[in-house]
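**Q** Model the structure of this input:
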Amino acid sequence: MNIFTRNTTSNINFETVNTTMNVHFIAIGGAAMHNLAMALLEKGYEVTGSDDEINEPSRTRLLNSGILPEKMGWFPGKIHERLDAVILGMHARSDNPELLEAQKLNLPVFSYPEYLYEQSKNKRRIVIGGSHGKTTITAMVLHVLQIAKLDFDYMVGSQLEGFETMVRITDSAPIIILEGDEYLSSPIDRRPKFHLYHADIALLSGIAWDHINVFPTFDNYVEQFRIFVNQIPDNGTLVYCNEDVEVRKVCESAKNNLHKFPYSIPAHEIRDGITFLKTIFGEIELQIFGEHNLLNLEGARLLCEQVGVGAQQFYDAIKSFKGAARRLELIARSTKAIVYKDFAHSPSKLKATTSAVKEQFGKRKVIACMELHTFSSLNSEFLEQYKSSIDAADEAIVYFNPLTLEHKKLAALSIDQVRNAFARQDIKVYNVSADLKSYLENYCWNGEVLLLMSSGNFDGLNLNEFGKKIAGV
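**A** This next block holds a predicted model:
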C-alpha cells in the first residue's frame with residue numbers, strides 16, 4: 001500500500017491505494033534525479049522521464065534500466081492525468097513545457113527532496129548538513145551501516161564503492177540517511193533542500209559562505225542552517241562540529257530540548273604517510289587522512305551510535321573506508337609523482353584539503369592546482385574570500401576559463417585580479433587550459449604530490465588519465 005499526503009504551495013493532496021505508482025521526471029538526466037528514478041523503478045513504480053541533454057554516466061545507466069528517453073527534448077504529451085507525481089529537476093526552467101502542462105492538469109509536482117521526504121515520512125530521518133564534509137560523512141555512515149548489515153535507505157551526492165546507486169528507497173527500511181544540501185530545491189521552490197527532509201537526527205559539519213547567487217550575504221546563508229537545526233523535533237538529536245565557530249554559535253543557540261553531541265578532532269598520529277586513530281581499543285590504521293576527514297569520521301561515529309552501532313564495531317568497519325569519489329581520491333602513485341583529485345572549490349574546502357595533503361606528505365613538495373568554476377568562485381566580489389586558502393602548498397596554481405564567466409554572465413576577471421585575491425605573489429594563474437596542461441606535463445616530476453581541485457574538469461580534461469600520465473603509470 002502506498003499512501004501519500006502532501007501540502008504544497010498549490011495545496012494538492014493525493015493518495016493511491018493498492019495500485020502501481022506512476023511517476024514522471026522532468027530533467028531525468030541529473031545525478032540525483034536519475035538515481036531517484038532508478039530507485040523508484042527498483043521499488044516497482046512506473047517511471048518515465050524527459051531531458052534536453054543527458055551525459056554519461058547517467059545516459060548508460062538509464063539505458064540499462066530501460067528508462068532512457070527515446071528522444072531528447074520536452075514533450076507535453078508525456079504529461080497526463082494518470083500520473084501520480086511529477087518530479088522536477090533543477091536543470092529544468094520554470095517555463096518548461098512539461099511543467100506548464102502538469103500545472104494545467106493540477107498534478108502534484110515535487111522537487112526531488114520533497115519526494116524523498118514523501119517516501120520517508122514513516123522512517124527515522126538522519127540528515128547530514130554543512131558547507132563541507134557532508135558527502136564524506138554520509139559515505140562513512142553508509143559504509144559502516146552496510147558492514148553492520150543494518151537495513152537502511154539513503155541518498156548521497158556521490159557514487160560510492162559497494163553501492164549500485166546514489167539513492168535507495170524501500171518500504172522495509174526503518175531509517176534513511178540523507179545528504180542535506182543547502183542549495184535550492186527546484187526552479188519553482190527556493191527553499192534549501194535540507195529544509196525539506198525534516199530531520200529527526202541532524203549533523204552540522206561546517207559553515208562557510210557559498211552559493212552567493214542564492215544567498216547574497218553571509219548572515220542570510222547562516223540563517224539557512226539555523227532553520228535546519230531548529231526544525232529538529234523536540235527530543236531530537238543534533239550532532240555538530242565543535243571546532244567550527246559558526247556551527248558552534250548556531251547549535252548552542254538552538255532550542256534546548258534537543259540531545260546535543262559536539263565533536264572535535266580525535267586523537268591520532270601520522271607515521272610514514274599513514275594516519276593512525278588512537279582509541280581505547282588500540283590504534284586503528286586509516287586509509288583516509290587530514291584533520292577535516294578525522295572530524296568527518298568523529299561525526300559519523302556519533303551518528304552511527306544513534307542507530308545502535310557501538311564504537312568498536314564502528315572502528316572495525318571504518319578501517320576499510322577509502323573515501324567518496326573525488327573527495328581526496330588517489331588517481332595515481334609512483335616514484336615520479338603522487339596525484340590526487342578533489343571536489344574542493346570553496347575557500348574553506350581548498351584550505352582543508354591543501355593543508356591535509358601537506359601535513360600527510362610533509363617531506364614532499366605539494367603542488368596545488370585549482371579551477372575557479374562555480375558562480376561564487378568567479379564572482380569578483382566573492383573572490384577575495386580565497387585569500388591564503390592554498391598557502392599550505394609549496395606551489396600554487398589557479399585556472400579559470402573566460403568563456404565560463406561569459407556563460408554565467410559575470411564580469412570579466414584578469415589574471416592580476418585572481419593573483420591579488422589569493423594574496424600569494426608566487427601563484428601561477430592560467431586562463432588557457434592548453435597552457436596549464438603543458439606546464440604540468442613538462443614539469444620535472446621527482447616525487448612531488450599534485451593536487452587537482454575543482455567542481456569541474458579544467459575544461460574537458462580527463463583527470464584520471466591525466467593524473468596517470470603525470471605519474472607515468
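**Q** hang on, isn't R59 packed against G30?
**A** No. When contacts are counted by C-beta atoms under 8 Å, R59 is not listed as touching G30 (11.9 Å). Where C-beta positions appear, they are placed from N, C-alpha and C, glycine not excepted.
**Q** higher neighbour count, these two?
**A** Using other C-beta atoms under 10 Å as the criterion, R59 and G30 rank with G30 on top: 20 against 16.
**Q** What does that one show for phi and psi?
**A** G30 adopts backbone torsions of phi -60, psi 160, taken as degrees, to the nearest 10.
**Q** Surely it touches L88?
**A** No. In this structure G30 lies outside contact range of L88 using C-beta under 8 Å: 10.5 Å.
**Q** which stretches of the protein have low pLDDT?
**A** 1-19 (pLDDT under 70).
**Q** Show me where it has its helices.
**A** For the chain, the helices defined by DSSP state H cover 31-42, 58-65, 97-104, 112-119, 134-147, 218-230, 245-252, 291-306, 311-318, 347-360, 402-407, 415-422, 433-441, 463-471.
**Q** Would you reformat the ones you listed as CSV and include distance to E448?
**A** Rendered in CSV, the data for the helices of the chain read as follows (distance: least, C-beta to C-beta, whole Å):
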stretch, distance to E448
helix 31-42, 32
helix 58-65, 35
helix 97-104, 50
helix 112-119, 41
helix 134-147, 25
helix 218-230, 36
helix 245-252, 34
helix 291-306, 22
helix 311-318, 30
helix 347-360, 11
helix 402-407, 28
helix 415-422, 20
helix 433-441, 11
helix 463-471, 9
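**Q** and T237, which of those helices is closest to it?
**A** When the helices of the chain are compared by C-beta to C-beta, helix 291-306 sits nearest T237, at 5.8 Å.
**Q** Show me the protein divided up by domain.
**A** Domain ranges of the chain: 22-110, 120-318, 329-471, per automatic domain parsing.
**Q** thinking again about what came up before, which one of the helices of the chain lies closest to V339?
**A** In terms of C-beta to C-beta, the element of the helices of the chain nearest to V339 is helix 463-471, at 3.6 Å.
**Q** Restricting the selection to alpha carbons, write the closest one to CSV.
**A** Taking Å, rounded to 0.1, in the frame of the first residue of the first chain, the C-alpha atoms of helix 463-471 are listed here in CSV:
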residue,chain,number,x,y,z
LEU,A,463,41.6,13.8,-14.6
ASN,A,464,42.2,10.1,-14.2
GLU,A,465,44.0,9.8,-17.5
PHE,A,466,45.9,13.0,-16.9
GLY,A,467,47.0,12.0,-13.4
LYS,A,468,48.2,8.6,-14.6
LYS,A,469,50.2,10.3,-17.4
ILE,A,470,51.8,12.7,-14.9
ALA,A,471,52.8,9.8,-12.6
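**Q** Packing partners of that helix?
**A** strand 329-333, strand 337-342, helix 433-441, strand 448-453 (3 or more C-beta pairs under 8 Å, 6 or more residues apart in numbering; DSSP states H and E).
**Q** Convert the C-alpha atoms of stretch 375-389 to CSV, please.
**A** Only the C-alpha atoms of stretch 375-389 are listed here, as CSV (Å, rounded to 0.1, in the frame of the first residue of the first chain):
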residue,chain,number,x,y,z
PHE,A,375,29.3,31.1,-9.8
SER,A,376,30.6,32.1,-6.4
SER,A,377,34.3,31.5,-7.2
LEU,A,378,34.1,33.5,-10.4
ASN,A,379,32.3,36.5,-8.8
SER,A,380,34.7,39.4,-8.3
GLU,A,381,33.1,40.4,-5.0
PHE,A,382,33.4,36.9,-3.6
LEU,A,383,36.9,36.2,-4.9
GLU,A,384,38.6,37.9,-2.0
GLN,A,385,37.3,35.1,0.2
TYR,A,386,40.1,33.0,-1.3
LYS,A,387,42.9,34.9,0.4
SER,A,388,45.5,32.4,1.8
SER,A,389,43.3,29.4,1.0
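**Q** which residues does the residue lying closest to A267 once chain neighbours are set aside contact?
**A** Nearest residue to A267, sequence neighbours excluded (C-beta to C-beta, 6 or more residues apart in numbering): K278, at 4.0 Å. The contact partners of K278, by C-beta atoms under 8 Å, 6 or more residues apart in numbering, come to P266, A267, H268, E269.
**Q** partners of K278 in the sheet?
**A** E283 (DSSP bridges).
**Q** Next, work out how far apart it and Y115 are.
**A** 43 Å (C-beta to C-beta, to the nearest Å).
**Q** next one: E283
**A** Distance from E283 to Y115, by C-beta to C-beta: 44 Å.
**Q** the more surrounded of those two?
**A** Between E283 and Y115, counted using other C-beta under 10 Å, Y115 has the larger neighbour count: 24 against 14.
**Q** Can you tell me the closest non-neighbouring residue to the more buried one?
**A** Y115 sits nearest to I87 (C-beta to C-beta, 6+ apart), 5.3 Å away.
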